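Asks: A structural model of the following input is requested.
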Amino acid sequence: MLVSAIEENLQLFYANEQLPLSSEYLWLIIDGVVKSSTINEKGKNVTLSYWGAKDVVGKPLSGNRLCILECVTSVRAEKIYVQDWQKLSPAVFRYGQQVKELSNIIRTGKAPQRLLLLLDWLANKFSERLNPDKSINFNITHQELSEIIGVSRITVTKILNQFEQEGVISRPERNTIIVH
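Replies: Below you'll find the model as predicted:
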C-alpha cells in the first residue's frame, strides 16, 4: 500500500520532545502546543513564544538565531519542504502577525499590564472556551512568562497572586489559568 506524501510528512511528537530543525523544511502544527526558545548570551534557555494549530515554525523563520522547538503537549505536525512553501502563505502571515502581537505586548507600559495582555493573548490563542471566560490549559511556568515580558520570575508570581486576589484570573488546578 502506498502512503501519500502528506501522510509521510505528518508526524506525532510527545510532550517534552523537540521538533527536528532543518533549513530544508518548516513544521505546520496540526494540533498541540509548541514552545520556541533560544539560548541567551549567559547560556540560559529563554522562552520566546508559544505556537499552536495552523501555526508554522522552523529554522528558516528563526534566521541565524539558535531556536529550540519543544512540544508542551503532544503535537501533530506536518513537515513542509522548501518546494511546497507556497501553500504556507496563510501560516507565514499568521507567524508575522504573532511576532507583531508579542512585540506590542512586551513594549506595553508596566509589568502588570504586560502580563495581563500576555495571559489574554495566550487564552485567546489556546483557549478551551468556558462561558465568557478563557482558559490556558497547558504547563507554562512563572519563569517562562517572565522571560516573555522581560521581568523577574518573582515579579510574575507577585502579579499573578494579585490578579487572583482581584478576581482577574483564577487557577482552579495545576496547569490551568482562567482569564476572566
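
Asks: got a list of contacts for stretch 38-48?
Replies: When contacts are defined by Cβ atoms under 8 Å, 6 or more residues apart in numbering, stretch 38-48 is touched by residues 35, 36, 37, 62, 65, 66, 67, 68, 143, 144, 147, 148. All C-beta atoms are positioned from the backbone trio N, CA, C, and that covers glycine.

Asks: in the top helix by length along the chain, which residues are buried?
Replies: For the chain, the helix reaching the highest residue count under DSSP state H is reported as helix 89-106. Residues of helix 89-106 classed as buried by neighbour count (16 or more other Cβ atoms under 10 Å): 91, 95, 98, 102, 105.

Asks: residue 77: which of those is nearest?
Replies: The shortest gap between residue 77 and any of those belongs to residue 91, at 11.5 Å (Cβ to Cβ).

Asks: domain map for this protein?
Replies: Listed by automatic domain parsing, the domain ranges of the chain are 1-107, 110-180.

Asks: and the ones you listed, which one's lowest on average pLDDT?
Replies: Across the domains of the chain, the stretch with the lowest average pLDDT is domain 1-107; it has a mean of 85.

Asks: quick one: the strands in the protein, in order.
Replies: Applying DSSP state E to the chain gives strands spanning 10-13, 25-31, 34-39, 45-51, 56-57, 68-71, 75-81, 134-136, 169-170, 177-179.

Asks: just the CA coordinates of the fourth one, formatted as PDB?
Replies: Extracted C-alpha coordinates of strand 45-51, given in PDB (Å, rounded to 0.1, in the frame of the first residue of the first chain):
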ATOM      1  CA  ASN A  45      17.300  29.000  27.900                       C
ATOM      2  CA  VAL A  46      14.900  31.900  27.200                       C
ATOM      3  CA  THR A  47      11.200  31.300  26.200                       C
ATOM      4  CA  LEU A  48      10.300  33.300  23.000                       C
ATOM      5  CA  SER A  49       6.700  32.300  22.200                       C
ATOM      6  CA  TYR A  50       4.100  29.600  22.100                       C
ATOM      7  CA  TRP A  51       2.600  28.200  18.800                       C
END
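
Asks: give me the angle between it and strand 25-31.
Replies: Between the axes of strand 45-51 and strand 25-31, defined by axes from the mean of the first three to the mean of the last three Cα atoms, to 10 degrees, the angle is 60 degrees.

Asks: name every strand pairing with strand 45-51 and say which way it goes.
Replies: Each strand that pairs with strand 45-51, with its direction, by DSSP bridges: strand 34-39 (antiparallel).

Asks: buried stuff in the strand it pairs with?
Replies: 34, 35, 36, 37.

Asks: okay, these in TSV with distance to residue 113 next?
Replies: TSV is the format used below for those (distance: Cβ to Cβ, whole Å):
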residue	distance to residue 113
34	26
35	23
36	24
37	24
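
Asks: residue 115: which of these is nearest?
Replies: Closest approach to residue 115 among the buried residues of strand 34-39 (Cβ to Cβ): residue 35, at 17.4 Å.
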